[in-house]
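Engineer: Give me coordinates for this.
(chains A, B, C and D)
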Number of protein chains: 2
Amino acid sequence: MTTEQEFLASYNVKDFDQPLFSVDSVVFRYFESQLQVLLVKRKGFPFKGRHALPGGFVDVKNDHCLNDVALRKVRDKTGVEPTYCEQLNTHGSPDRDPRGWSATTIYLAFLRPQSTLIEDANELAIWANVSEVDSLDLAFDHLSIVNEAFKRLHDRCSYTLIGAALLGETFTLSALQSLHEHIFAHKVEKKAFRRRVEASGQLIETGEYTAGRGRPAMIYKLCETALEYSFVRAMD
Amino acid sequence: MTTEQEFLASYNVKDFDQPLFSVDSVVFRYFESQLQVLLVKRKGFPFKGRHALPGGFVDVKNDHCLNDVALRKVRDKTGVEPTYCEQLNTHGSPDRDPRGWSATTIYLAFLRPQSTLIEDANELAIWANVSEVDSLDLAFDHLSIVNEAFKRLHDRCSYTLIGAALLGETFTLSALQSLHEHIFAHKVEKKAFRRRVEASGQLIETGEYTAGRGRPAMIYKLCETALEYSFVRAMD
DNA sequence: CTTAATAGTGGCGTTACGACACTAAATAAA
DNA sequence: TTTATTTAGTGTCGTAACGCCACTATTAAG
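Structural biologist: Below is the predicted model:
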């Protein structure tokens, strides 16, 4: 074997023991003051009938990157693109899947509050309150993965504005503050929060106001660069 | 097929098209005022003879997690455990490896300045200056991965003390400051740097002092929790 | 017209950083 | 033996951004 051509011609992936490799997503939405996570009820083995994160194997014919795999699966369940998506990490071990050594790359993604699920999907998809996933007996190591994803969300919210991607396209500062209070599990000081957000320069006043009980609130939207913005100092 | 046992008994990973999966590491050391990265000269195809990151495939018989894979490979080249190790991210695409769709999980690891390489390893290992890797024509997408790893190092150094894991077990504040200046590619204000490090409470005076030209410097070491510490505010 | 609810501001004290001049302690040179 | 040079380390003032909390503003409900 002297040339790379010869090597590649005779190379067969299946001559070697390789782990299973999948891509799964932790998709959050913030609906009616609850942080929820997208789960699917598994139709096949292993863990048949148990709830799990949406995800699956790479389609080596069509997927061009790991992001593609994650988005394809989320699109299958919801019909829409996430408002935010980042790679979280990758877990591998011989025990996490009964089929053998397996590795899975996890994505963290957000959908808007009013996102609905596609009814006729193969697997039944549900929104579960994050506060209640512990009691759902998730498949694989998906419970600890949801917890890691929440921790990442918490961390990111303390020095970025990505939490806003969990709100509607437009939102009020009070709504953004409430979201942060929910994620941090404690109150945030109003003036300090507004000063900080204002100083970032990442929010645009729409000129519209809310109506209803109490003083109308200015409605804002994110500017283009908002999801890449980092504060120099962390909250929380 | 009605039970999970039956399913697993008849399941064969090789019945499906799976990507190749590997684990590679970007291992840095800070030697003689140069940040260097560990590379190996590839002995086999593909990219035979080119330089690449140390890494390889999961040993499904012996590895218990992805960390194990990364550390095993680094140990093969250096004989020692890194002073710091974290998972960076995972890249996958149909193009990055001529053998087919492949995914690789990248680890970021540090070794001490005086770390040596094991001579009789299968593949020749070298330390390359990070400032010069561009000219080395690295295999796969490893050049962009080295750049990502450096960016992560840069980011982490701006709000943690992990840079200290690139120094000897003991070090002076001036040495730590110089390291940061090298990574940030600009001067750091001495007083501000010392105040910050001092306030973290993560450094311990050894009571020893350096000798040589100029005033002797206090020698410090990291406390146990130092590598997990995060500053509330970022530098740089 | 008053009250409750929600939105938004003023202002003071504190923390941590930037800048920069200063002191301290060693060796090297005169 | 004195002076210069080098490196380590401190004092202090100004500033940016946060914590805190009292205050004003604007709406709907009673």
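Engineer: What sits closest to residue A:175 if chain neighbours are left out?
Structural biologist: The shortest distance from residue A:175 to any non-neighbouring residue, by C-beta to C-beta, 6 or more residues apart in numbering or on different chains, is to residue A:167 (5.9 Å). Just so you know, the C-beta spots here come from the backbone N, C-alpha and C atoms, and that holds for glycine as well.
Engineer: So which residues of chain A form helices?
Structural biologist: In chain A, the segments counted as helices under DSSP state H are A:4-10, A:66-78, A:142-157, A:173-184, A:190-200.
Engineer: ok now the third one, how far from the chain's centre?
Structural biologist: Relative to the chain's own centre, helix A:142-157 is displaced by 9 Å; criterion: C-alpha atoms, centre = their mean, to the nearest Å.
Engineer: Wondering if it reaches chain B at all.
Structural biologist: No - for helix A:142-157, no contact with chain B is found by C-beta under 8 Å from any C-beta of the partner chain; the gap never falls below 9.1 Å.
Engineer: what's that helix in contact with?
Structural biologist: Here helix A:142-157 makes contact (C-beta atoms under 8 Å, 6 or more residues apart in numbering or on different chains) with A:24, A:26, A:28, A:35, A:37, A:51-53, A:88-89, A:91, A:106, A:108, A:130, A:133-134, A:136, A:138, A:162-163, A:180, A:183-184, A:235-236.
Engineer: For the residue of chain A found nearest DNA strand C, give its distance to residue A:207.
Structural biologist: Nearest residue of chain A to DNA strand C: residue A:214, at 2.4 Å (C-beta to the nearest atom of the strand). Separation of residue A:214 from residue A:207 (C-beta to C-beta, to the nearest Å) stands at 19 Å.
Engineer: just residue A:43 next, same as before
Structural biologist: 48 Å.
Engineer: Just the buried positions in stretch A:224-235, please.
Structural biologist: Buried residues in stretch A:224-235, defined by neighbour count with 16 or more other C-beta atoms under 10 Å in any protein chain shown: A:226-227, A:231, A:234.
Engineer: Kindly apply the preceding question to stretch A:26-35 instead.
Structural biologist: Buried residues in stretch A:26-35 (16+ other C-beta under 10 Å): A:26-31, A:35.
Engineer: Just those residues: which are in strands?
Structural biologist: When DSSP state E is applied, the buried residues of stretch A:26-35 are split such that A:26-31, A:35 fall in strands.
Engineer: between these, which is closest to residue B:68?
Structural biologist: residue A:26 (24.5 Å; C-beta to C-beta).
Engineer: Read off the pLDDT value for the residue nearest the centre of chain A.
Structural biologist: For chain A, the residue sitting closest to the mean C-alpha position, by C-alpha atoms, centre = their mean, is residue A:109 at 2.2 Å. pLDDT, residue A:109: 98.
Engineer: cool, and residue A:232?
Structural biologist: pLDDT, read off for residue A:232, is 97.
Engineer: same check, this time on residue A:120
Structural biologist: Per-residue confidence at residue A:120 stands at 70 (pLDDT).
Engineer: how near is it to residue B:138?
Structural biologist: Applying C-beta to C-beta to residue A:120 and residue B:138 gives a distance of 47 Å.
Engineer: nearest residue to residue A:27 other than its sequence neighbours?
Structural biologist: Per C-beta to C-beta, 6+ apart, closest to residue A:27 is residue A:38, 3.9 Å.
Engineer: correction: residue A:109
Structural biologist: Sequence neighbours aside, residue A:82 is the residue nearest to residue A:109 in space, at 3.8 Å (criterion: C-beta to C-beta, 6+ apart).
Engineer: In this structure the one you found contacts residue A:110, no?
Structural biologist: Yes - with contact defined as C-beta atoms under 8 Å, residue A:82 reaches residue A:110; the gap is 5.6 Å.
Engineer: Can you name the two of the buried residues of stretch A:26-35 that sit furthest apart?
Structural biologist: A:26 and A:31 (15.5 Å).
Engineer: residues in contact with residue A:210?
Structural biologist: By C-beta under 8 Å, 6+ apart, the residues touching residue A:210 are A:172, A:216-217, A:219.
Engineer: near DNA strand C too, which of the residues you listed?
Structural biologist: Restricting these to those near DNA strand C by C-beta under 7 Å from any atom of the strand leaves A:172, A:216-217.
Engineer: Please convert those to TSV, extending it with neighbour count and distance to residue B:97.
Structural biologist: Output for these, formatted as TSV (neighbours: other C-beta atoms under 10 Å in any protein chain shown; distance: C-beta to C-beta, whole Å):
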residue	neighbour count	distance to residue B:97
A:172	16	49
A:216	11	57
A:217	16	53
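Engineer: Residue A:100: which of those residues is nearest?
Structural biologist: Of these, the one sitting nearest to residue A:100 (C-beta to C-beta) turns out to be residue A:172, at 50.2 Å.
Engineer: ok, back up a step: residue B:100: which of the buried residues of stretch A:224-235 is nearest?
Structural biologist: Among the buried residues of stretch A:224-235, residue A:227 lies closest to residue B:100 (C-beta to C-beta), at 33.5 Å.
Engineer: Give me the local confidence score for that closest one.
Structural biologist: For residue A:227, the predicted pLDDT is 98.
Engineer: Distance check, the residue nearest to it when sequence neighbours are not counted against residue B:67.
Structural biologist: In space, and not counting its chain neighbours, residue A:227 is closest to residue A:162: 5.5 Å by C-beta to C-beta, 6+ apart. Distance from residue A:162 to residue B:67, counting by C-beta to C-beta: 28 Å.
Engineer: Break chain A down into its domains, please.
Structural biologist: Split into domains by automatic domain parsing, chain A comes to A:20-142, A:159-228.
Engineer: tell me the most buried of the ones you listed?
Structural biologist: Stretch with highest mean neighbour count among the domains of chain A: domain A:20-142 (a mean of 18; mean count of other C-beta atoms under 10 Å in any protein chain shown).
Engineer: now check that domain, is it near DNA strand C?
Structural biologist: No - Domain A:20-142 lies apart from DNA strand C when judged by C-beta under 7 Å from any atom of the strand; the minimum separation is 12.3 Å.
Engineer: Over to that domain now: how far is its first residue from its last?
Structural biologist: 16 Å (C-alpha to C-alpha, to the nearest Å).
Engineer: Can you pull out the low-pLDDT segments for chain A?
Structural biologist: Flagging of chain A using pLDDT under 70 yields the residue ranges A:1, A:4, A:6-10, A:13, A:15, A:121.
Engineer: Do a quick rundown of the strands in it.
Structural biologist: Along chain A, counting by DSSP E, strands occupy A:20-31, A:34-41, A:51-52, A:55-57, A:84-93, A:102-110, A:125-129, A:170-171, A:203-209, A:218-222.
Engineer: For the first one, name the packing helices and strands.
Structural biologist: The elements that strand A:20-31 packs onto, with contact taken as 3 or more C-beta pairs under 8 Å, 6 or more residues apart in numbering or on different chains; DSSP states H and E, are strand A:34-41, strand A:55-57, helix A:66-78, strand A:102-110, helix A:142-157.
Engineer: Since that was my last question, I'll sign off now.
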